[in-house]
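Peer 1: Predicted model, plus sequence, below.
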There are 2 protein chains.
Amino acid sequence: MKKFVNNVDHMLVESLTGFASAHSDLVDVQFEPTFVSRKHKSQQKVAIISGGGAGHEPLHAGYVGKGMLDAACPGQVFTSPTPDQMLAAAEAVHADKGVLFIVKNYAGDVMNFEMAAEMLPFEHATVLTSDDCAVVNSTYTTGRRGVAGTVIIEKCVGSLAESGADLAACKALGEKINLRTSSIGAALTSCTVPAVGRPTFDISDSELEMGVGIHGEPGRRREAMRAADAIVADMVNAIVHDFEAKQLPTQGDILLLVNGLGATPLMELYLIYNTAAKLLKEKGFNIARSLVGNYITAIDMAGASLTVCLLDQDIQQHWDSPVHTAGLRWGC
Amino acid sequence: MKKFVNNVDHMLVESLTGFASAHSDLVDVQFEPTFVSRKHKSQQKVAIISGGGAGHEPLHAGYVGKGMLDAACPGQVFTSPTPDQMLAAAEAVHADKGVLFIVKNYAGDVMNFEMAAEMLPFEHATVLTSDDCAVVNSTYTTGRRGVAGTVIIEKCVGSLAESGADLAACKALGEKINLRTSSIGAALTSCTVPAVGRPTFDISDSELEMGVGIHGEPGRRREAMRAADAIVADMVNAIVHDFEAKQLPTQGDILLLVNGLGATPLMELYLIYNTAAKLLKEKGFNIARSLVGNYITAIDMAGASLTVCLLDQDIQQHWDSPVHTAGLRWGC
């Protein structure tokens, strides 16, 4: 394993310190308990807090800022943050309209956010994200995994909270988007957790993992490596089947997110976008909004995920509203 | 080699088509000759055109848009674009105030942009970027290589052109920034050119290449892999020595760019930023502006580069001005 690291035990602190220093106009970082919060505390809005293991950057700290999260609680790489982090973050950013946790559906995250919620002296609610259509139940998950759809949920719920909406409305929007969003990933290589020092799984030069999780969890199956068009067609079909199974529309306006898992060149992501967009249009979708890049990663995995969110006027308006974070920025 | 690709001969066209489709509000793409241009042609400004081989995305097409480039001419991966591309792009975006080419100093790019310039029926000038302090002369270069400083030059010269400045002023600002900017990269792995199918160079698990080029060109030396702090200290020292050699200030306000070369996790880039910022502050610099992420890549290379630009009021103002491109966006 070769990485830019001094000591794996200090990697998170050093990286977060660098992050807070590079974005000192946007965020503050606190340690023990560790959380990243907006530089300028908001008044009179629902506080939106997310968190999870590190290694998925820019998720979540990269989405702290105007129009998105109020705070993010990072754990060690691929390790859940602890309840004291969520409690300290909530205490710091709470603004008299309650606290909404946005939690990706992994057992450790769910348990620790639940423990924090039970201890929280404020009105609170939770949105659990579970957009990964690859598998039901997984290595660290009962039910579907939360993956790149989480970025869309954090963006749109953040926008609604900014407008002064109440806790119930923010939770309802998050759950609506989660229902209307489906994702699937494909890995060409494993990731390597720094503290482990070797790849999470073995994969040969002639194979890919279809439906891989963002921690390198197994997907649907190990498949033969093939042309990008064929891989992307299977991913698009999986997402469309998921919408059909949920009796959701399989036409109309969508947001298409092509996400890199860490080591995939942008040139390949745009090639994937090209194929995915063509196939989705053929099926009757209209790609009203797009996002292509590394938005939720799996450390250094070569791979990509597709996410389709079925837009309505409400979701599209919140997607379009101004946002100013390290990872997403427009209108500001 | 595993990549998301259908046919290496079609990779550039498919990727550019996806890029133009994902950013159809910002850019148009033309093929044969191939160039990316702003969706909305500007009036009465110097036309800023750049280009170079693909594989460095988001450079250059990702910097076409308001406040930055008017057009970008991509070649095949690591291959110079041809003069007909620059001529067609200039014809399309020219707006009666002349054309400025921004060209990274590589022999093929220099030759082809020179040939285009000779045929250009408009007033024109060229800024040659050469910010890489690692080596003088290299595999594809006489003189220093142009690397990540090019992004800063494209941003600031784009801003000045947007304000209505003339060709001479735009060229002068580009050359001033090039003089005041120094970069150096370090590679942990090679890149793999899709049409070649194997890594450009061999490097063992215990080595790094200090001063690597963005096409995998040799750097200063092959070194033993070591802690990030030690690697970054050598990079910072190389940059400071370069400023000293040029009799430039080694204190004052700077822009610090930590750039990923394609396969380096953001978590590591922020760790590098943390160390670089600390060392530069100790030397008397004030980090007034920062940028961390993948801005000029070497396909799928694991590695990073540091760039320091010595700011003055002029440069800082043009860095801060609004920009709306696929790769850089603020104030819009």
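Peer 2: Received, thanks.
Peer 1: quick check: mean pLDDT across stretch A:120-134?
Peer 2: The average pLDDT within stretch A:120-134 is 97.
Peer 1: Next: stretch A:309-329.
Peer 2: 98.
Peer 1: by contact count, what packs against the host helix or strand of A:G185?
Peer 2: Per DSSP states H and E, A:G185 falls inside strand A:181-187. With contacts taken as 3 or more CB pairs under 8 Å, 6 or more residues apart in numbering or on different chains; DSSP states H and E, strand A:181-187 sits against helix A:149-162, strand A:207-210, helix A:228-245, strand A:303-310. From N, CA and C alone the C-beta is placed, and that goes for glycine too.
Peer 1: Take these and write them to TSV, including mean neighbour count and distance to A:K66.
Peer 2: Supplementary listing: those in TSV, determined by neighbours: other CB atoms under 10 Å in any protein chain shown; distance: least, CB to CB, whole Å:
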stretch	mean neighbour count	distance to A:K66
helix A:149-162	27	7
strand A:207-210	21	37
helix A:228-245	18	31
strand A:303-310	27	22
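Peer 1: Could you export the ones you listed as JSON lines, including distance to A:S138?
Peer 2: Converted to JSON lines, the helices and strands packed on strand A:181-187 look like this (distance: least, CB to CB, whole Å):
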{"stretch": "helix A:149-162", "distance to A:S138": "15"}
{"stretch": "strand A:207-210", "distance to A:S138": "12"}
{"stretch": "helix A:228-245", "distance to A:S138": "15"}
{"stretch": "strand A:303-310", "distance to A:S138": "14"}
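Peer 1: Tell me which of those approaches A:L26 most closely.
Peer 2: Closest to A:L26 of those, according to CB to CB: helix A:149-162, at 13.6 Å.
Peer 1: pLDDT (mean, whole number) over that closest one?
Peer 2: 98.
Peer 1: Provide a list of residues in contact with A:L310.
Peer 2: Contacts for A:L310 (CB atoms under 8 Å, 6 or more residues apart in numbering or on different chains) come out as A:R180, A:T181, A:F243, A:L248, A:P249, A:G252, A:D253, A:I254.
Peer 1: List the beta-bridge partners for the nearest residue to the fifth one once chain neighbours are set aside.
Peer 2: Take A:P249 and drop its neighbours on the chain: the residue closest to it by CB to CB, 6 or more residues apart in numbering or on different chains is A:L310, 6.0 Å away. Here A:L310 shows beta-bridge partners A:I254, assigned using DSSP bridges.
Peer 1: and the nearest residue to A:D202 once chain neighbours are set aside, how many residues sit next to it?
Peer 2: The shortest distance from A:D202 to any non-neighbouring residue, by CB to CB, 6+ apart, is to A:S190 (7.2 Å). Look at A:S190: counted by other CB atoms under 10 Å in any protein chain shown, it has 21 neighbours.
Peer 1: now the closest residue to chain B within the stretch 201-332 of chain A, what's its secondary structure?
Peer 2: Relative to chain B, the nearest point of the stretch 201-332 of chain A is A:N274 (3.1 Å; CB to the nearest CB). Secondary structure, DSSP: H, G, I helix; E, B strand; the rest coil: A:N274 is helix.
Peer 1: Hmm, A:R144 and A:V135 touching each other?
Peer 2: Yes - using CB atoms under 8 Å as the test, A:V135 is close enough to A:R144 to be in contact (7.5 Å).
Peer 1: In terms of packing, which of the two has more residues around it?
Peer 2: More crowded of A:V135 and A:R144, by other CB under 10 Å: A:R144, with 22 against 19.
Peer 1: Would you enumerate the residues in contact with that one?
Peer 2: A:N105, A:S130, A:D131, A:D132, A:C133, A:V135, A:V136.
Peer 1: try A:E268
Peer 2: Going by CB under 8 Å, 6+ apart, A:E268 touches A:A228, A:A304, B:K3, B:F4, B:V5, B:S15.
Peer 1: Great, nothing more from me.
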